[in-house]
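Visitor: let me see the structure of the following:
(chains A and B)
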Protein chains: 2
Amino acid sequence: MKEFELINRYFKGRGIIRRDVELGIGDDCALVSVPTGHQLAVTTDTLVSGVHFFEDIPPRALGHRVIAVNLSDLAAMGAEPTWISLGLTLPTADMEWLEAFTEGMHEIAEYYNVQVIGGDTTQGPLTITVCAKGIVPNGKALKRSSARVGDWIYVTGSLGDAGLAIEARKQELMLDPLHYKAALDKFHYPAPRVAAGQVLRGLATSAIDISDGLLADLQHILKASLVGAKIHVDKVPMSNALRASLDEAARLRLALSFGDDYELLFTVNDNNKNAVETRLKQYGVEPVCIGQITAHNGEVQLVNKGQPYQLSGQGFEHFS
Amino acid sequence: MKEFELINRYFKGRGIIRRDVELGIGDDCALVSVPTGHQLAVTTDTLVSGVHFFEDIPPRALGHRVIAVNLSDLAAMGAEPTWISLGLTLPTADMEWLEAFTEGMHEIAEYYNVQVIGGDTTQGPLTITVCAKGIVPNGKALKRSSARVGDWIYVTGSLGDAGLAIEARKQELMLDPLHYKAALDKFHYPAPRVAAGQVLRGLATSAIDISDGLLADLQHILKASLVGAKIHVDKVPMSNALRASLDEAARLRLALSFGDDYELLFTVNDNNKNAVETRLKQYGVEPVCIGQITAHNGEVQLVNKGQPYQLSGQGFEHFS
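Guide: Now for the predicted structure:
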């Protein structure tokens, strides 16, 4: 199949049409309008076969995931996702694979009201780069650099499930099949916290999405904000699958260090603590307070049931 | 080298800083402002090693080229390039290679006043996806769909040099070393017609950049505009290197079918013909009129010195 046929078949005329898109797929560029009083938020994530996903990942899951990880970055800025550009490099034009991949992609794009406005399809080793765009009212974006001493530290949901799925898949763990399925679904179909991110605008003092692991991503906030943090590891939310599958030390390693779950980590000052909890619950999100920002620049103090805690082992190497 | 070190060393704090960028590299998203009264133009191009360039391409040329091919799409819309996102997948973090690659990239970005606002660096087979953004006054973008019968067809410069370089490199041609160097330089360091594209706003009736070959890209205009074209192949501009290296039939094949030269192809109505020529010459561009739009929907009539002309052979398969 030639590139033009492929684009016509799987991309052009599929998915939603936004009113702010004057030209989508089919010219040298897409043409879109950013509403007055808004900034444009832009993020890019690449997924490489064998590095970011197993080569036999269901193509529908891959289509979902590559959009989800990008929307998660927009969520972490408090942006409303709007447009997506796709760089899709494929070894062969396998129609069954493409049908499922684009179905997964269009499904999540439609759910979040995002239009695929263009891209490039090329032949080569399976690699997908998405550039997602969103809009955010001027000056309202959630940054990493504005956490302050005394702010409360929250996460939007349970951590460690993607890690559980990947470790199990690598046959380092034997899981109950239902737990394995639950964890794998979370890895394959992460739900970016798009609504939560927008709710947090004007309430949170900083935010980031947890892609590299809770502690690694927390460090980005600490470095950008010149602060430290105290984390109560016993408060970190975990799924039943994770709790049932691993002992405490092992599950904490996954929940604190693995990443790939795409929950948000955010900080909020004491005045807005209740408002954040109430507002997020209205959107079906149960935020969990796991600690507090401290003045110890760059330092993270882990506490387990009141006692200092040391994380065992190194972080995981995801697909090594 | 870890991803963060790599980003800090080769990207963060390098290149120009634009005043419309509130956040560049270093948060979940970049934050930029589109000026009032302007639309955002977005384009994406992927270059894959062994498919779009030879594996031993000088890294500085690759850095230049991957930006140039994207800016060329913005030029073809009449957009002013502003911001770039980079998805860079590398087999290894070779510092010498990265230094030269990013130098090539930052050089051309600076020249065109474009800021690299973010991206993702991953490990895998060498693949580069750039998403370039630009701005264009509302309603002024140059589209493919608005060529009209009687419009004159122009190109902004000589065609076929990239094809000459690639064919020679594949040792299908023996060239004079100076001609080979000239052609290879044109392939490695294409100059996107950014200024020309902006000059053409309000003057040209349609435009496209010649990436897939003059005839293939002309077809895109014809299909989108529901018109035909008559092309005087003897008017198609060619470099001295191409003229000196090949006989007429062979050079016409390259000039008409090869692509990768990144000149603009545009149409202009009779009223604006002189104005276009005068204005482009003020910007150092010598546009060449090569034909005229006809009513024969989708049909291209080739003429050589007044006689019907048939292109010999098929189009080239670039890196096959």
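
Visitor: the stretch 101-250 of chain A: helices as residue ranges?
Guide: A:161-169, A:177-188, A:194-200, A:214-225, A:240-245, A:248-257 (DSSP state H, counting those that start in this stretch).

Visitor: convert the C-alpha atoms of the fifth one to PDB, please.
Guide: Coordinates of each C-alpha in helix A:240-245 appear next as PDB, following Å, rounded to 0.1, in the frame of the first residue of the first chain:
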ATOM      1  CA  ASN A 240      -5.700  -4.900  44.900                       C
ATOM      2  CA  ALA A 241      -3.800  -6.700  42.200                       C
ATOM      3  CA  LEU A 242      -0.500  -5.300  43.400                       C
ATOM      4  CA  ARG A 243      -1.300  -5.800  47.100                       C
ATOM      5  CA  ALA A 244      -2.300  -9.400  46.500                       C
ATOM      6  CA  SER A 245       0.700 -10.200  44.300                       C
END
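
Visitor: what helices or strands is it leaning on?
Guide: Secondary-structure packing of helix A:240-245 (3 or more C-beta pairs under 8 Å, 6 or more residues apart in numbering or on different chains; DSSP states H and E): helix A:161-169, helix A:177-188, helix A:248-257. To be clear about C-beta, it is placed using only N, CA and C from the backbone, and glycine gets the same treatment.

Visitor: next: the second one.
Guide: With contacts taken as 3+ C-beta pairs under 8 Å, 6+ apart, helix A:177-188 sits against helix A:59-76, helix A:161-169, helix A:240-245.

Visitor: how about the secondary structure of the most centrally placed residue in chain A?
Guide: With distances taken as C-alpha atoms, centre = their mean, residue A:262 lies nearest the centre of chain A, 3.2 Å away. Under DSSP: H, G, I helix; E, B strand; the rest coil, residue A:262 falls in the coil class.

Visitor: check the gap between it and residue A:284 for me.
Guide: Separation of residue A:262 from residue A:284 (C-beta to C-beta, to the nearest Å) stands at 16 Å.

Visitor: those residues of the stretch 151-300 of chain A touching chain B, which are they?
Guide: Counting by C-beta under 8 Å from any C-beta of the partner chain, the residues of the stretch 151-300 of chain A lying close to chain B are A:207, A:208, A:209, A:224.

Visitor: what about the strands in chain A?
Guide: Using DSSP state E, the strands assigned to chain A run over residues A:21-23, A:30-32, A:38-48, A:80-90, A:115-123, A:127-137, A:152-155, A:204-209, A:228-232, A:264-268, A:288-294, A:300-304, A:307-308.

Visitor: how about these in TSV, adding mean neighbour count and mean pLDDT?
Guide: Listed next are those as TSV, based on neighbours: other C-beta atoms under 10 Å in any protein chain shown; pLDDT from 0 to 100:
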stretch	mean neighbour count	mean pLDDT
strand A:21-23	19	96
strand A:30-32	25	98
strand A:38-48	26	97
strand A:80-90	26	97
strand A:115-123	23	95
strand A:127-137	27	98
strand A:152-155	23	98
strand A:204-209	27	98
strand A:228-232	20	98
strand A:264-268	27	98
strand A:288-294	19	98
strand A:300-304	17	97
strand A:307-308	8	96
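
Visitor: what sits against residue A:126?
Guide: By C-beta atoms under 8 Å, 6 or more residues apart in numbering or on different chains, the contact list for residue A:126 reads A:48, A:49, A:55, A:89, A:90, A:91.

Visitor: returning to that earlier point: okay, the helices and strands packed on helix A:177-188, which one's buried deepest?
Guide: Among the helices and strands packed on helix A:177-188, helix A:59-76 has the highest mean neighbour count (mean count of other C-beta atoms under 10 Å in any protein chain shown), at a mean of 26.

Visitor: what's the closest of the contacts of residue A:126 to chain B?
Guide: Nearest to chain B among the contacts of residue A:126, counting by C-beta to the nearest C-beta, is residue A:48 at 3.6 Å.

Visitor: give the contact list for that closest one.
Guide: Residue A:48 sits next to A:125, A:126, A:127, B:89, B:122, B:123, B:124, B:125 when contact means C-beta under 8 Å, 6+ apart.

Visitor: of all the residues you listed, which two lie farthest apart?
Guide: Pairwise distances across the contacts of residue A:48 peak at 13.9 Å for A:126 and B:123 (criterion: C-beta to C-beta).

Visitor: how does chain A divide into domains?
Guide: For chain A, automatic domain parsing gives the domain ranges A:3-137, A:152-308.

Visitor: pretty sure residue A:103 is touching residue A:63, no?
Guide: Yes: under the criterion of C-beta atoms under 8 Å, residue A:103 makes contact with residue A:63 at 6.6 Å.

Visitor: for residue A:7, give me the pLDDT.
Guide: As predicted, residue A:7 sits at a pLDDT of 80.

Visitor: so who does it touch?
Guide: Neighbours of residue A:7 in contact, by C-beta under 8 Å, 6+ apart: A:25, A:121.

Visitor: and residue A:226, by the same measure?
Guide: Neighbours of residue A:226 in contact, by C-beta under 8 Å, 6+ apart: A:297, A:298.

Visitor: please report phi then psi for it.
Guide: phi 60, psi 50 (degrees, to the nearest 10).

Visitor: before we move on, back to that, as JSON lines, the residues of the stretch 151-300 of chain A next to chain B with distance to residue B:78 would be great.
Guide: Listed next are those as JSON lines, based on distance: C-beta to C-beta, whole Å:
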{"residue": "A:207", "distance to residue B:78": "37"}
{"residue": "A:208", "distance to residue B:78": "38"}
{"residue": "A:209", "distance to residue B:78": "36"}
{"residue": "A:224", "distance to residue B:78": "38"}
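
Visitor: how close does the nearest residue to residue A:196 once chain neighbours are set aside sit to chain B?
Guide: Excluding its sequence neighbours, the residue lying closest to residue A:196 (C-beta to C-beta, 6 or more residues apart in numbering or on different chains) is residue A:285, at 4.8 Å. Distance of residue A:285 to chain B, computed by C-beta to the nearest C-beta, to the nearest Å: 18 Å.

Visitor: what does the pLDDT read for residue A:285?
Guide: Note for residue A:285: predicted pLDDT of 97.

Visitor: do residue A:113 as well
Guide: In this model, residue A:113 is scored at 98, pLDDT.

Visitor: right, I'll call it a day here.
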